[in-house]
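Student: Make a model of this:
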Amino acid sequence: MRRKSIRRYLKYAGYGAAVGVVAITLACASGDSPGSRGRDARVAEQVEDHLSRARAEMKAGNSDRAMAAVDKAYELDRDNREVIRLRQEILASRGDEAPATDSTSLAQADRLLKSERYEEAANAYREILSTDPRNKDAQEGLKRAQKELAEVREDQVRDIVKQADRALDRDNVKEAQTLLAQAKELDPTSSRVRDLERDIQRAIEEEQRKSAKEAAETRKRAEEAAAAAKREEQKKVEREQAAAKRAAEEKKAAEVKKAKREAAEAEAAKKAAAEEEARKVAEAKKAKEAEAAREKAEEARKAKEAEAARKAAAEKEAAAEEEARKVAEAKKAEAREAAKKAEEARKAKEAEAARKAAAEKEAAAEEEARKVAEAKKAEEAEAREAAKKAEEARKAKEAEAAREVVEEEKEEK
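Tutor: Purely as a prediction, here's the structure:
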């Protein structure tokens, strides 16, 4: 019992206080020492003083004050027969006999405690104290049951925290949060629970950082894909423009070639006609020298017609060349217009896509900033509340530990 008290005091009050308790305990253990005998004499003197005061109050008719003095004497020496007798006398004089405690109930509570059924034992002791609040055995039993129950819950919290740590090692944050809730139900003020809560928060923040990084990489890949598509589209437009240009050039070359061929055919026809005419003229001249004047006039007329035919052929050739030039120019204009429209459509499409991407990126950034701010506020509030609760729990534990040590020392005395 003494060793447990020292360990508990070491846990809550610190090393220096624990050393003092050890010194006191060692001094109390040496029952034959002069200090021990002197202390016993002082206790006996104090008991006698309380009894004298109780008797005086009884004579004065103050039973409440007499009972208070007897209770102080009883706390100092519970085996003193005079104290027990006077206490019974005061109770009898007040018509308030001490309630009898069912020894069977107390024994049953003790068996539950021994069987390590601490919660049931605590309930049994409370039931006894509800009818006999001064029952010291029930009070001590309740203390032991509560202490053992606290230790059991601490072990349970330790096991749950270990399971949660393993879950975090497997990156299973959801399971760790479930286990954290179970540990909080058992002991919300445990330092292990607070450490686990901080570890889970760090794991959540790490997941958020990974998600943000993956989102950034996804956006980067999308931008690269869009840029590649844009380059491919530009190449496609350039290929179409080059194909249109080649088609126009080939068409123009075909038209020029056709015009030249027609001109050559016209020239050949003209030449053949001239040769035929010359032959006819020669024959006519030989046949009809008499009609020289008429033939000469006819030849002049035919020469004039031939000249007109030549001019007509030249004009036709020039008209054909001009038509070919106009057709080529029209095709070029159509190709330029088509290229201009394609470029305008591409620029409009790129501008719209850039605007949408910028708007989405800005909205995502604002949402992310809002979430981070809210999470930070919640975390600060939780940290302040946890620190406050931890400080209150620490002070309560120190007070409880000191009180238990004092009571145990009194019992040992």
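
Student: For the spatially closest residue to E382 that is not a sequence neighbour, give me its contacts.
Tutor: Closest residue to E382 apart from its sequence neighbours, by CB to CB, 6 or more residues apart in numbering: E197 at 7.8 Å. All C-beta spots, glycine's among them, are computed from the backbone N, C-alpha and C. E197 is in contact with 180, 382, 386, counting by CB atoms under 8 Å, 6 or more residues apart in numbering.

Student: Which among those count as buried?
Tutor: With burial judged by 16 or more other CB atoms under 10 Å, the buried subset of these is 180, 386.

Student: quick one: which helix or strand includes R384?
Tutor: For R384, the element it lies in under DSSP states H and E is helix 292-412.

Student: Relative to A309, how far out is A278?
Tutor: As judged by CB to CB, to the nearest Å, A278 and A309 stand 15 Å apart.

Student: which of those two has more neighbours?
Tutor: With neighbours defined as other CB atoms under 10 Å, A278 and A309 compare such that A309 has more, 15 against 11.

Student: Could you find the closest non-adjacent residue to I128?
Tutor: Closest residue to I128 apart from its sequence neighbours, by CB to CB, 6+ apart: A138 at 4.2 Å.

Student: What helices and strands are in contact with the helix or strand harbouring that neighbour?
Tutor: Assessed by DSSP H and E, A138 sits inside helix 136-169. If contacts are counted by 3 or more CB pairs under 8 Å, 6 or more residues apart in numbering; DSSP states H and E, helix 136-169 sits against helix 103-114, helix 118-131, helix 173-186, helix 191-287.

Student: For those, give me JSON lines that also has mean pLDDT and distance to L76.
Tutor: JSON lines is the format used below for the helices and strands packed on helix 136-169 (pLDDT from 0 to 100; distance: least, CB to CB, whole Å):
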{"stretch": "helix 103-114", "mean pLDDT": "86", "distance to L76": "24"}
{"stretch": "helix 118-131", "mean pLDDT": "91", "distance to L76": "22"}
{"stretch": "helix 173-186", "mean pLDDT": "91", "distance to L76": "39"}
{"stretch": "helix 191-287", "mean pLDDT": "88", "distance to L76": "38"}
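
Student: Which among these is found nearest to A357?
Tutor: Among the helices and strands packed on helix 136-169, helix 191-287 comes nearest to A357, with 7.9 Å by CB to CB.

Student: Just give me how far the closest one sits from the chain centre.
Tutor: Centroid displacement of helix 191-287 relative to its chain, using CA atoms, centre = their mean, to the nearest Å, is 49 Å.

Student: cool, and stretch 296-316?
Tutor: Computed by CA atoms, centre = their mean, the chain-centroid distance of stretch 296-316 equals 99 Å.

Student: One more: stretch 156-176?
Tutor: The answer for stretch 156-176 is 17 Å, by CA atoms, centre = their mean.

Student: Over to stretch 400-411?
Tutor: On CA atoms, centre = their mean, the centre of stretch 400-411 falls 48 Å from the chain's centre.

Student: Now do the buried residues in it.
Tutor: Judged by neighbour count using 16+ other CB under 10 Å, the buried positions of stretch 400-411 are 401-402, 404-405, 408.

Student: who's in contact with A124?
Tutor: The contact partners of A124, taken as CB under 8 Å, 6+ apart, are 105, 108-109, 112.

Student: A338 - nearest residue in space that isn't next to it in sequence?
Tutor: Nearest to A338 is A244, by CB to CB, 6+ apart, at 7.0 Å.

Student: Test my guess that the one you found contacts A335.
Tutor: Yes - the pair A244 and A335 passes the contact test of CB atoms under 8 Å, sitting 4.1 Å apart.

Student: and the residue nearest to I128, what does it touch?
Tutor: Residues in contact with A138 (CB under 8 Å, 6+ apart) are 101, 106, 109, 125, 128-129, 132.

Student: Let's see the pLDDT reported for it.
Tutor: With respect to pLDDT, A138 scores 93.

Student: and what of G31?
Tutor: 44.

Student: go on, the one 10 residues further on?
Tutor: We note a pLDDT of 85 for A41 in this prediction.

Student: just K4 next, same as before
Tutor: The model's pLDDT for K4 equals 43.

Student: Quick check: phi and psi on R134?
Tutor: When read as degrees, to the nearest 10, the backbone of R134 gives phi -90, psi 10.

Student: and the helices and strands packed on helix 136-169 as a markdown table, adding distance to M67?
Tutor: What follows is the helices and strands packed on helix 136-169, written out as a markdown table (distance: least, CB to CB, whole Å):
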| stretch | distance to M67 |
| --- | --- |
| helix 103-114 | 23 |
| helix 118-131 | 18 |
| helix 173-186 | 41 |
| helix 191-287 | 44 |
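
Student: how about the ones you listed, which one is nearest N80?
Tutor: So among the helices and strands packed on helix 136-169, helix 103-114 is nearest, using CB to CB, at 22.5 Å.

Student: Please identify the buried residues of the closest one?
Tutor: Of the residues in helix 103-114, 105-106, 108-110, 112-113 count as buried by neighbour count, 16+ other CB under 10 Å.

Student: and which of those residues is nearest L51?
Tutor: L106 (28.1 Å).

Student: how much space between that closest one and L142?
Tutor: L106 is 11 Å from L142, by CB to CB.

Student: and for these two, which residues touch both?
Tutor: Residues touching both L106 and L142 (CB under 8 Å, 6+ apart): there are none.

Student: Quickly name whichever of the buried residues of stretch 400-411 is closest to A56.
Tutor: Nearest to A56, judged by CB to CB, of those is E408 at 32.1 Å.

Student: how near is the closest one to E154?
Tutor: E408 is 21 Å from E154, where distance means CB to CB.

Student: still on that earlier bit, run the angle between the helix holding A138 and helix 292-412 for me.
Tutor: Counting by axes from the mean of the first three to the mean of the last three CA atoms, to 10 degrees, helix 136-169 lies at 160 degrees to helix 292-412.

Student: any idea of the angle helix 136-169 forms with helix 103-114?
Tutor: Interaxial angle of helix 136-169 relative to helix 103-114 (the same axes, to 10 degrees): 30 degrees.

Student: Contact partners for A386?
Tutor: With contact set as CB under 8 Å, 6+ apart, A386 has these partners: 194, 197.

Student: quick one: it from D199, how far?
Tutor: Taken as CB to CB, the span from A386 to D199 is 14 Å.

Student: One more: E407?
Tutor: Applying CB to CB to E407 and D199 gives a distance of 38 Å.

Student: same question, E344
Tutor: In terms of CB to CB, E344 sits 58 Å off from D199.
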